[in-house]
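**Student:** Need coordinates for the following:
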Amino acid sequence: MKILAKSLLLFSAAVFASAQASQTVVDFEGITSENLIDGYGGLSGWQGIGGFVGPSFGGAGLGENVFYGLQGELRFDNGPVIFHGSHYQAYAFDPQSPFTTLSLFYQNQLVHQTPYNLLNTGTLEWLSSGYSGLVDKIYIYGGGEGFGIDNLTYSAAPVPVPGAAWLFGSGLAGLMLRTRQRKIG
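**Tutor:** Numbering: from 1, shown residues only. Okay, here's the model as predicted:
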């Protein structure tokens, strides 16, 4: 009985650990514009945004480098993710322009937009995505002169536990129950 209980406990812990998502923070440290290639940080589309990596102007104390761009699309290379947000700053924002800061997409469908708010402060400010569903592409809008981002943060999509694992676990639970019934009866 104790062996079965320990087996079930270890199995449950392993299943739970495998279903957890790891967090990725794209911080642009140790790279320059010349070596920022598609695939950096698990994302493609860097050159399409037309940006460069350089020191933080107005520094938010986030690190040495910040990515600067105009606007464009970034795609997550390893499948859908849960996008948490990024430090963000728009430049020369036009208050007459009703655009959003980030548009989040999943399977080419717009799933969420983050409105521009108090982010024209002269420093990078944390901009939460405000969305906890799956995303496979983000579109970043800049102000009239572009944007700066740092510490773009996302987690891998949770991996569903295979049916065989649940079948194995329920079989172990059944064996434990039967063993217990034999001891009682």
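**Student:** Let me know the pLDDT of residue 61.
**Tutor:** As predicted, residue 61 sits at a pLDDT of 56.
**Student:** Can I get stretch 174-185 in PDB? Just the C-alpha atoms.
**Tutor:** In PDB, the C-alpha atoms belonging to stretch 174-185 read as follows (Å, rounded to 0.1, in the frame of the first residue of the first chain):
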ATOM      1  CA  GLY A 174      -7.800   1.700  -8.300                       C
ATOM      2  CA  LEU A 175      -5.100  -0.600  -7.100                       C
ATOM      3  CA  MET A 176      -4.700   1.400  -3.900                       C
ATOM      4  CA  LEU A 177      -8.400   1.300  -3.200                       C
ATOM      5  CA  ARG A 178      -8.600  -2.400  -3.800                       C
ATOM      6  CA  THR A 179      -5.600  -3.100  -1.500                       C
ATOM      7  CA  ARG A 180      -7.200  -1.000   1.200                       C
ATOM      8  CA  GLN A 181     -10.600  -2.800   0.800                       C
ATOM      9  CA  ARG A 182      -8.800  -6.100   1.200                       C
ATOM     10  CA  LYS A 183      -7.100  -5.000   4.400                       C
ATOM     11  CA  ILE A 184     -10.500  -3.700   5.900                       C
ATOM     12  CA  GLY A 185     -12.500  -6.800   4.700                       C
END
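**Student:** What residues sit buried inside it?
**Tutor:** For stretch 174-185, the neighbour count (16 or more other Cβ atoms under 10 Å) marks residue 176 as buried. Backbone N, C-alpha and C define where each C-beta goes, glycine included.
**Student:** what's the average pLDDT for that stretch?
**Tutor:** 72.
**Student:** Check stretch 138-153 too.
**Tutor:** Here stretch 138-153 scores 85 as its mean pLDDT.
**Student:** Stretch 76-88 now?
**Tutor:** Stretch 76-88 shows a mean pLDDT of 94.
**Student:** repeat for stretch 22-40
**Tutor:** 88.
**Student:** What are the boundaries of the helices in this protein?
**Tutor:** 2-19, 46-49, 163-184 (DSSP state H).
**Student:** Among these, show the one with the smallest mean pLDDT.
**Tutor:** helix 2-19 (a mean of 49).
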